[in-house]
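Novice: The sequence and its predicted three-dimensional model are supplied below.
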Amino acid sequence: MSEKQRALRKLIEAPEILVMPGVFDGYSARIVERAGFAVGSISGAGISESHMGWADRGVMALHDNVNACRDIVNCTELMLLADGDTGYGNAVNVHFTVRAFEQAGVCGVMIEDQVWPKRCGHMKGKEVIGFDEAVGKIAAAADARRDPDFIIKARTDAAGPLGVDEAIRRLNAYADAGADVLFADALLTREDIARVAGSVGKPLFVNMGLGIRSRPTTPLIAPKDLQAMGVAAVVYPRLLSASALRGMLNAMDVFCREVVEQNGTPDRPDLLVAFDELNALTGMGHLDELEARYAVRTPPESGSGAAG
């Protein structure tokens with residue numbers, strides 16, 4: 001795994017900004033890989049919403065998250081960063097959280113400084129733990145990794161409740177504690193993003209929260225403009241999860257109207273992926289190859305099957 005982790009570090013440290021679509025399941029990971037991206041960011045919110053059916057409010061537990069990430073790792077060659085929420089407890093829990101994600105095969109994990117149960121960074125009511133406790137959790141995360149190339153991404157949600165100055169103070173302390181990359185969630189202006197990027201000593205990630213319209217959120221900024229502001233990587237965590245949900249809602253609306261209400265039998269290629277395309281995306285060719293190489297085809301046994 002070190003080879004992938006070292007490759008990811010080079011991409012993060014390169015002058016060119018790293019663009020990372022969010023993934024949350026096998027479909028989304030394969031789509032991102034097919035589109036030519038080398039890196040994906042696993043969305044904890046996306047896993048909670050799609051796998052469990054619950055909003056990103058701390059319902060998901062460690063093993064729910066790790067098991068979903070392991071499944072994603074096993075179906076793609078993407079370099080993946082996971083979302084470890086708050087580490088599911090104190091610094092001791094963070095130690096085991098990092099070990100679990102490393103064993104799952106991701107290239108790194110993000111740990112944040114919210115109180116538990118956490119909530120999506122763009123929801124109201126966020127609170128963060130104390131400064132010293134937060135720094136200790138990042139130190140525990142950095143020390144827990146068996147492979148020194150495993151990436152620790154430290155996130156602070158302090159900008160909202162405590163201000164941008166405190167977010168910068170925390171990020172620099174997290175860097176000193178061993179974090180490799182940094183992320184201040186829910187920065188609300190271009191000026192704040194540029195200020196944080198210019199004030200921290202490790203690569204800064206920024207999220208672009210597509211589809212958030214009901215409350216103030218991070219402004220949508222083009223990747224090259226973020227690069228010029230000093231940002232190392234930009235993540236689009238909701239791009240595929242929100243578009244998948246919109247597609248399912250549209251398809252169900254058509255089904256209810258044209259099949260249930262109107263007693264029809266429509267086939268809507270504008271709404272539905274063709275069966276062959278679905279199979280091609282999900283590795284049918286590879287499965288056929290494995291079957292041809294290894295499977296032994298024997299004729300079914302004949303006879304009455306009755307015991308003597």
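Specialist: Structure received.
Novice: who touches the biggest helix by length in the chain?
Specialist: Ranked by residue count, the top helix of the chain under DSSP state H comes out as helix 239-254. Helix 239-254 has contacts (C-beta atoms under 8 Å, 6 or more residues apart in numbering) with 21-24, 27-28, 31-32, 43, 45-46, 49-50, 210-211, 266, 268, 271-272. Backbone N, C-alpha and C define where each C-beta goes, glycine included.
Novice: go again using 10 Å as the cut-off
Specialist: Residues from elsewhere that reach helix 239-254, judged by C-beta atoms under 10 Å, 6 or more residues apart in numbering: 21-25, 27-29, 31-32, 40, 43, 45-47, 49-50, 208-212, 236, 238, 264, 266, 268, 270-273.
Novice: in it, what's buried?
Specialist: Of all the residues in helix 239-254, those buried under the rule 16 or more other C-beta atoms under 10 Å are 239, 240, 241, 242, 244, 254.
Novice: Let me know the pLDDT of the last one.
Specialist: Model confidence at residue 254, given as pLDDT, is 95.
Novice: thinking again about what came up before, how about the buried residues of helix 239-254 in JSON lines, adding distance to residue 171?
Specialist: JSON lines is the format used below for these (distance: C-beta to C-beta, whole Å):
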{"residue": "239", "distance to residue 171": "25"}
{"residue": "240", "distance to residue 171": "28"}
{"residue": "241", "distance to residue 171": "26"}
{"residue": "242", "distance to residue 171": "28"}
{"residue": "244", "distance to residue 171": "32"}
{"residue": "254", "distance to residue 171": "47"}
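Novice: and which of those residues is nearest to residue 68?
Specialist: residue 241 (12.6 Å; C-beta to C-beta).
Novice: what's the domain layout of this structure?
Specialist: 2-238, 245-294 (automatic domain parsing).
Novice: tell me the two of the buried residues of helix 239-254 that are most distant?
Specialist: 239 and 254 (23.2 Å).
Novice: which stretches of the stretch 51-200 of the chain form strands?
Specialist: Along the stretch 51-200 of the chain, counting by DSSP state E, counting those that start in this stretch, strands occupy 79-83, 108-112, 151-156, 181-184.
Novice: and the shortest one, what does it pack onto?
Specialist: Okay, so that is strand 181-184. helix 2-13, strand 108-112, strand 151-156, helix 164-176, helix 190-197, strand 204-207, strand 233-236 (3 or more C-beta pairs under 10 Å, 6 or more residues apart in numbering; DSSP states H and E).
Novice: pLDDT of stretch 32-42, averaged?
Specialist: pLDDT averaged over stretch 32-42 gives 98.
Novice: re earlier: including distance to residue 300, could the domains of the chain go into a markdown table?
Specialist: As requested, these are arranged in a markdown table below (distance: least, C-beta to C-beta, whole Å):
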| stretch | distance to residue 300 |
| --- | --- |
| domain 2-238 | 32 |
| domain 245-294 | 18 |
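Novice: for the buried residues of helix 239-254, which one is nearest residue 101?
Specialist: Lowest distance from residue 101 to those (C-beta to C-beta) belongs to residue 241, with 19.9 Å.
Novice: Could you tell me how far that closest one is located from residue 203?
Specialist: 25 Å (C-beta to C-beta, to the nearest Å).
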